[in-house]
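> Take a look and give me a structure for this.
(chains A and B)
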Amino acid sequence: MSSSSAPSSDNELNPNPSPKPIEDELSLASVTLTESNGNGSVNENSELAWGRKSSEVEVEADGSSSASSSGYAGERGSSSETSNSRIDEDEIQEVRNDDGFGDGVHYSQAAWVPGKRHVDEDDASISWRKRKKHFFILSHSGKPIYSRYGDEHKLAGFSATLQAIISFVENGGDRVKLVKAGKHQVIFLVKGPIYLVCISCTEEPYESLRGQLELLYGQMILILTKSVNRCFEKNPKFDMTPLLGGTDVVFSSLIHSFSWNPASFLHAYTCLPLAYATRQAAGAILQDVADSGVLFALLMCKYKVVSLVGAQKASLHPDDMLLLSNFVMSSESFRTSESFSPICLPRYNPMAFLYAYVHYFDVDTYLMLLTTSSDAFYHLKDCRIRIESVLVKSNVLSEVQRSILEGGMRVEDLPIDPLPRSSISHHLSQQRLLTDSHEGFSESVFGIGGPSGLWHFIYRSIYLDQYASSEFSPPISSPQQQKR
Amino acid sequence: MGCSGSLPDRNSGRLSGINGSESSGAPDAKNLRVKLVLLGDSGVGKSCIVLRFVRGQFDPTSKVTVGASFLSQTIALQDSTTVKFEIWDTAGQERYAALAPLYYRGAAVAVIVYDITSPESFNKAQYWVKELQKHGSPDIVMALVGNKADLHENREVPTQDGIEYAEKNGMFFIETSAKTADNINQLFEEIAKRLPRPSSTS
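The predicted structure is shown next:
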């Protein structure tokens, strides 16, 4: 439980300047990083020249530590050493306290329970006011559409207040983007008749929170398309809540992903580590299917991509992939049988529905076939049967299961001996999908000193729209601070 | 299962045309294949009825259906015909109402479900009946189902209302409970009996 933040009786406007500005760090190719552990006890300053060109290094700096820290630079053998790692753990703890979850459920991903919580709350409840990160969607007439906590209908008054702020500023020919009130930031995003607001005391930078609102809006578009705006043209007081009936879980799971899924701020997706041949096999059959009139064929394992194929000239934006996989994974009904459902990819075409055939091969692995044709179900079903038989024959599904069990890359596994292994080829450059990411990575991390100082890394390739990261090892189970 | 070309699988092995809208498309009078669509307000238990019928399961945690789910189940009748139901379990949410034609187009059977504890859902059922009378196949077999019969203590829609409405509209009526499995198989057997046989082609 983290009640360290002041109870926020001042959710209203209170024009205090923000107490803590946060460092934004964007490091482009060939940066030199100086490692320190953020608590003053600098152990070793290792320098690294990132050799790969045109790659972007995402540095995770946490606001409470010194600026140039990469956030999780710890002591040697930090996971086992008590005294020092204790300090580090506290630091992380503090960072964690800054995230949006006051109820402590979220220490590990597995503990997160989907669904709407605290429906009984409203803006009069103290518990509601103490929540660290609120998200609201409302209409331009002030009608609540979604609220992360509490019952939307009970929050009508509060929504009206938010609407009043926005329209007051708009009447002056201006736009409100951000209000700082003590520890709290109130971020506004106006999308036509839809207003999105985030109230947060998590010290995340404005850009991050705004990006989260954009994704929240995108998730709504995925469910309804942008043509929902027409309802407001016909009737400005249109009540949208019935249209979104049953989608609370989709939004709450997206909001939860802001705190653990790097895809939500990197605008990139990640792949399940697999052997080259396995991925080739999966890719080949998906390609086959895509040639038969399927717009996108995705084989995913949870939020990681196994293989992805698009029809000619069609490309899938990583944000759309995040929203789509979040939608599918948070909607339990997809697991019971094969489904055919309209969905909209906001980055592909926000005005039109596509049709998604969704089928789970096992608990984690699912296939999504997207098409523009509303009566393609039986065709897609046949495609799925073909894909499934190939995947079974070539053991792709069992390899996927094995990869899940093995988990991703771990910083502890990095070789200590810094032999330059430049001969390792990267399939990365030509291949859409990551193949031997393991080796590709250890190479780039050698300079830091392998296991000695490195807690975590994320690498994002801007050419591929992909990222790769290490698993979080104890004591970091789910770090928060995200920077661009 | 299914060691090669034995009888009942013959239909599913065939490539079903892209829009699969053939109602009882099997040429074979003994092995019917039927497209069935479930319609009704959200939360009345459409998915529960299907899962009870297809898998014999009941899951009390409500899972909101997205779009529509597709399941199939084959039953054998006493006259040794088999009927393979290809079931479209549609989402009851309002946002999918406009898409319903996608699923009921070409359906030979429509099962319209309401919750006996909810008069609202009974109204919604009547809406669906009218919609199908206007836009469904003319020879569609319709069934009106009052679900959650186990909750009779909270009943708000009298059985008589259901019977009367069904009679007026030439529908088959039954009250079921997906929870206790009451009348679930009967529902589908009764439907199967009422199907037009392929000999009298439509």
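
> Could you use CA atoms for every contact and neighbour count after this?
Fine.

> what ranges do the helices span in the chain?
Using chain A. Counting by DSSP state H, the segments of chain A that form helices are A:82-97, A:126-130, A:156-171, A:206-224, A:229-234, A:248-257, A:263-266, A:276-290, A:318-330, A:377-393, A:396-406, A:437-445.

> think we crossed wires, I meant chain B
Secondary structure of chain B (DSSP H): helices at B:10-13, B:46-55, B:100-104, B:119-135, B:159-168, B:184-194.

> Next, the buried residues of the third one.
Using 16 or more other Cα atoms under 10 Å in any protein chain shown as the burial criterion, the residues of helix B:100-104 that qualify are B:100, B:103-104.

> so can I have a markdown table of those showing distance to chain A and pLDDT?
Shown next, in a markdown table, are the buried residues of helix B:100-104 (distance: Cα to the nearest Cα, whole Å; pLDDT from 0 to 100):
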| residue | distance to chain A | pLDDT |
| --- | --- | --- |
| B:100 | 11 | 91 |
| B:103 | 9 | 92 |
| B:104 | 12 | 94 |
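
> Closest one to residue A:255 out of the residues you listed, please.
Residue A:255 has its nearest neighbour among those in residue B:100, at 30.4 Å by Cα to Cα.

> which residue packs closest to that closest one, ignoring adjacent ones?
Nearest residue to residue B:100 in three dimensions, chain neighbours excluded: residue B:90, at 7.5 Å (Cα to Cα, 6 or more residues apart in numbering or on different chains).

> bridging residues for that neighbour?
residue B:68 (DSSP bridges).

> Could you pull up the contacting residues of it?
Residues in contact with residue B:90 (Cα atoms under 8 Å, 6 or more residues apart in numbering or on different chains) are B:37-39, B:46, B:65-69, B:100, B:103.

> switch to 7 Å and redo it
Going by Cα atoms under 7 Å, 6 or more residues apart in numbering or on different chains, residue B:90 touches B:38-39, B:67-69.

> With residue B:69 instead?
A:337-340, B:88-90.

> hang on, the earlier thing: can you list the buried residues of helix B:100-104 in CSV and add distance to residue B:174?
As requested, the buried residues of helix B:100-104 are exported to CSV (distance: Cα to Cα, whole Å):
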residue, distance to residue B:174
B:100, 23
B:103, 23
B:104, 21
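
> now, among those residues, which is nearest to residue A:201?
Among those, residue B:100 lies closest to residue A:201 (Cα to Cα), at 43.7 Å.

> got a pLDDT number for the spatially closest residue to residue B:158 that is not a sequence neighbour?
Spatial nearest neighbour of residue B:158, excluding adjacent residues (Cα to Cα, 6+ apart): residue B:116 at 7.6 Å. Note on residue B:116: pLDDT of 97.

> What about the closest residue to residue A:467 other than its chain neighbours, how many residues nearby?
Of all residues not flanking residue A:467 in the chain, residue A:460 sits nearest, at 4.0 Å (Cα to Cα, 6+ apart). Per other Cα atoms under 10 Å in any protein chain shown, the neighbour tally for residue A:460 reads 21.

> which of the contacts of residue B:90 are buried?
The neighbour count (16+ other Cα under 10 Å) marks B:38-39, B:67-69 as buried among these.

> follow-up on the earlier one: now, among the contacts of residue B:69, which is nearest to residue A:320?
Nearest to residue A:320, judged by Cα to Cα, of those is residue A:340 at 18.0 Å.

> How about that closest one, nearest residue that isn't a chain neighbour?
With Cα to Cα, 6+ apart as the criterion, residue A:340 has its nearest non-adjacent residue at 4.6 Å, and that residue is residue A:357.

> What's opposite that neighbour in the beta bridge?
Beta-bridge partners recorded for residue A:357 (DSSP bridges): residue A:340, residue A:369.

> Might you report the residue contacts of it?
For residue A:357, the contacting residues are A:339-341, A:368-370, A:377, A:380, by Cα under 7 Å, 6+ apart.

> Among those residues, which one is most surrounded by other residues?
If you count neighbours using other Cα under 10 Å, the busiest of the contacts of residue A:357 is residue A:340, which has 30 neighbours.
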